[in-house]
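Novice: next come a sequence and a model predicted from it.
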Amino acid sequence: MNDSSWGAPPQAGHGWPSEHEQRYGPPGGPVQGAVPTGPAYDAHAAHAPHESYAAPVAQDVPVASGPYGAYGQPFGAPAQEGVVPAQHGAARRSTAGHVIAEHGAFVPQGDAVQHTRPMPVVSEKPQEPMSDASQPPPAAPHGPEEPRQRKKKSAGRDLGAAIGVGVGLGAVVLVALFVVKAVFVGVVVAAVAVGLWELTSRLAERKGIKAPQVPLIAGGAAMVIAGYAAGPEGAWVATAFTALAVMVWRMTSPPQDYLRDVTAGLFATFYVPFLATFVSLMLTADDGPQRVLTFVLLTIVSDTGAYAVGWRFGTHKLAPRISPGKTREGLLGAIGFSMVAGVLCMTLLVDDGAWWQGLLLGAAVAISATLGDLGESMIKRDLGIKDMGALLPGHGGIMDRLDSLLPTAPVVWLLLEIFVGS
């Protein structure tokens, strides 16, 4: 077929059979394989045995038309009454005498000749409704909601034991401070010795760092005593000899990790006894006990104000990676409480003090105490411990109480020297 024959009417002998051939067959007899039609074959089809069909014929049962017309009828044909689908593989006969072949192919008999196509087999088994997964399951019945208990904040320590130990330490400090100054120096030396032992022991346990304990404790005691007896010059000389003793003492061990151990020893020298020496320097003034008491009171008030305000109103973390419990509101509380206490201490305890000096002193103490607490927290986090020791119930170790006092001592000493002199 060439391009000119596309869409043209079929010619005789070409393409589709003519209308005469469709009705009476081609000349010379029916085409092999074609379905015989016409009145001459209707009677024969009516009396032919079942073997002449492709499948047995089912009985007529009236049914309604489906979505594709009547069951078994061609696409687009109107629904015919009395046509019913038979079993799969069986032929069906309509009331008009037409044969419904296998798979629903409609083969009209007589003059109604139409080209047909097979229809899909429709299952008569009812389908179960599918569950909708998007719908949540029905909620289980429940009774009345239980009242929610308000979550209570906890200090994380034995508050009663902490208060008892704090009161006991305060009494010892006051008695030693106002009875004999030398006794108080002894208290400072004992605190420094225990603090050095705790720090070096934790370094050895957690990091394997072996800072020399003997020269550190002996040199630390000498530094505190020299500061009280000889002033700043004596403290500096004692500090230098302590550092030299640490280096020499470590030479008695193998050289492996020498630099690491000596560095840790020098750090401990300046962190504990050197900062504590400023307490003994404050004590040398005429009103030394009052100055030391101002230093201790302001530090305690700062910690108390930070705890009280932070526990009640704290919502914004100050340094969550270092100390998650500290808040910015707590820092503001520490500054406010310390400034009020500073005014009282400078006007009532320190000779020739002024109220505005108390404001500056209190703010500086709050900041230095907070930084000292954060520095101690950094050390403990690096070591993977919560407390430096367990000597003081409710507090931990001595170093856990000296963390804010040690860095505050040089700040208070310097400001008092500037404000009122020595």
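Specialist: Perfect, I can see it now.
Novice: show me where the stretch 201-350 of the chain has strands.
Specialist: 317-319, 323-327 (DSSP state E, counting those that start in this stretch).
Novice: and L349, how far from G362?
Specialist: 13 Å (Cβ to Cβ, to the nearest Å). Bear in mind the C-beta positions are built from the backbone N, C-alpha and C, glycine included.
Novice: wait, L383
Specialist: 32 Å.
Novice: mind putting the strands of the stretch 201-350 of the chain in a markdown table, distance to F270, mean neighbour count and mean pLDDT included?
Specialist: Below are those laid out as a markdown table (distance: least, Cβ to Cβ, whole Å; neighbours: other Cβ atoms under 10 Å; pLDDT from 0 to 100):
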| stretch | distance to F270 | mean neighbour count | mean pLDDT |
| --- | --- | --- | --- |
| strand 317-319 | 23 | 17 | 93 |
| strand 323-327 | 22 | 18 | 91 |
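Novice: and the end-to-end length of stretch 309-319?
Specialist: 16 Å (Cα to Cα, to the nearest Å).
Novice: can you list contacts of it?
Specialist: 153, 155, 324-334, 336-337, 370, 374 (Cβ atoms under 8 Å, 6 or more residues apart in numbering).
Novice: show the buried residues in those.
Specialist: 325-327, 329-334, 336-337, 370, 374 (16 or more other Cβ atoms under 10 Å).
Novice: and of those residues, the nearest to E205?
Specialist: L374 (22.8 Å; Cβ to Cβ).
Novice: for whatever helix or strand that closest one lives in, name the packing helices and strands.
Specialist: Assigned by DSSP states H and E, L374 belongs to helix 355-383. If you count contacts as 3 or more Cβ pairs under 8 Å, 6 or more residues apart in numbering; DSSP states H and E, helix 355-383 packs onto helix 181-207, helix 288-313, strand 323-327, helix 328-348, helix 405-419.
Novice: try it again with 10 Å
Specialist: helix 181-207, helix 288-313, strand 317-319, strand 323-327, helix 328-348, helix 399-402, helix 405-419 (3 or more Cβ pairs under 10 Å, 6 or more residues apart in numbering; DSSP states H and E).
Novice: need the ones you listed in a markdown table (columns: distance to T269).
Specialist: Output for these, formatted as a markdown table (distance: least, Cβ to Cβ, whole Å):
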| stretch | distance to T269 |
| --- | --- |
| helix 181-207 | 9 |
| helix 288-313 | 22 |
| strand 317-319 | 27 |
| strand 323-327 | 25 |
| helix 328-348 | 29 |
| helix 399-402 | 15 |
| helix 405-419 | 13 |
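Novice: can you tell me how far V309 sits from S338?
Specialist: 12 Å.
Novice: so for the two, which residue has more residues nearby?
Specialist: S338 (31 against 20; other Cβ atoms under 10 Å).
Novice: now that one: closest residue in space, sequence neighbours ignored.
Specialist: Once flanking residues are discounted, S338 sits nearest to G362: 3.7 Å by Cβ to Cβ, 6 or more residues apart in numbering.
Novice: wait, that neighbour sits on G353?
Specialist: No. Using Cβ atoms under 10 Å as the test, G362 is too far from G353 to be in contact (12.0 Å).
Novice: so what sits against both of the two?
Specialist: Common contacts of G362 and G353 (Cβ atoms under 10 Å, 6 or more residues apart in numbering): 294, 342-343, 345-346.
Novice: show the backbone phi and psi for K210.
Specialist: Backbone torsions for K210, taken as degrees, to the nearest 10, come to phi -110, psi 80.
Novice: looks like it contacts L216 (just checking).
Specialist: No. Under the criterion of Cβ under 10 Å, K210 makes no contact with L216, lying 11.5 Å away.
Novice: and for these two, which residues touch both?
Specialist: 200, 264-265.
Novice: what about those, which one has the most neighbours?
Specialist: G265 (27 neighbours).
Novice: give me the buried subset of the shared contacts of G362 and G353.
Specialist: Counted by 16+ other Cβ under 10 Å, those give 294, 342-343, 345-346 as buried.
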